[in-house]
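J.: Could you look at this predicted model? Sequence included:
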Amino acid sequence: MQTARDERLHELTLAYINKSQLQKNGWLMAAVAATLGIFSETMDSALYFGLLPLVYLIFDLPFQLEKRRILERYLSKDQVMTQSMLWLGIQIVLYGSLLMIVLETSDLSLWKMTFWIILILAPLYFATDWLFKKMARSDDPDFVSDQEVYKHVKYLEE
């Protein structure tokens with residue numbers, strides 16, 4: 001018999017696989033690359049570099065919306081809203097931090113910029129990830145993280 005956590009992990013895994021198949025459409029990637037290429041001609045290269053994480057967020061959004069729909073079957077609307085807003089807030093903090101670092105270090109070499117990005121964003125990422133998991137698990141005993149879903153997808157692909 002499947003537990004609620006296993007059932008949720010299975011549903012989220014299927015949603016992640018569907019999202020991955022959507023991303024594999026070459027025309028979509030080409031359209032995004034072309035759009036970013038257009039901006040690169042008219043924008044500073046630091047701002048162009050700062051747009052790249054937005055591409056990830058755009059491709060991750062369908063999975064997050066599907067995840068929210070799945071969670072609504074298991075959790076109250078308030079819990080789902082809290083998790084969704086917390087995830088969105090963390091993404092804004094991480095993206096804003098990256099953009100500020102890129103803009104502030106744009107006059108430095110690529111290696112120095114990379115050093116500052118790693119030095120500041122790596123601890124910030126791990127701290128926000130820990131905070132998200134801790135808060136989500138406090139409200140939801142069957143919480144399944146995105147990393148667990150990704151590991152399950154990799155396990156199924158083997």
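T.: Looks like it arrived, so ask away. Numbers count the residues shown, from 1 in each chain.

J.: so where's the chain shaky on pLDDT?
T.: 1-2, 20-52 (pLDDT under 70).

J.: mind running it again at 50?
T.: 1 (pLDDT under 50).

J.: measure Ser76 to Thr82 for me?
T.: 9 Å (CB to CB, to the nearest Å). Placement of C-beta: from N, CA and C, glycine included.

J.: ok, those two, which is more surrounded?
T.: Thr82 (16 against 12; other CB atoms under 10 Å).

J.: Leaving out sequence neighbours, find the closest residue to the more buried one.
T.: Residue nearest to Thr82 in three dimensions, not counting chain neighbours: Asp139, with 6.7 Å by CB to CB, 6 or more residues apart in numbering.

J.: Verify the stated contact: that neighbour with Met81.
T.: No - when contacts are counted by CB atoms under 8 Å, Asp139 is not listed as touching Met81 (11.0 Å).

J.: So which residues of the protein form helices?
T.: Applying DSSP state H to the chain gives helices spanning 4-23, 26-42, 45-71, 77-104, 110-139, 146-157.

J.: So what touches stretch 108-126?
T.: Defining contact as CB atoms under 8 Å, 6 or more residues apart in numbering, one finds that stretch 108-126 is touched by 93-94, 97-98, 101-102, 104-106.

J.: what's the distance between that stretch and the middle of its chain?
T.: 18 Å (CA atoms, centre = their mean, to the nearest Å).

J.: Could I get the contacts of stretch 108-126 in TSV, plus columns for distance to Val153?
T.: Formatted as TSV, the contacts of stretch 108-126 follow (distance: CB to CB, whole Å):
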residue	distance to Val153
Val93	27
Leu94	23
Ser97	28
Leu98	26
Ile101	31
Val102	31
Glu104	36
Thr105	35
Ser106	36
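
J.: Which one of the residues you listed is nearest to Leu86?
T.: Of all those, Leu86 sits closest to Val93, with 10.6 Å by CB to CB.

J.: contacting residues around the closest one?
T.: Going by CB under 8 Å, 6+ apart, Val93 touches 124, 128.

J.: Once you drop chain neighbours, what's closest to Lys19?
T.: Per CB to CB, 6+ apart, closest to Lys19 is Phe63, 4.0 Å.
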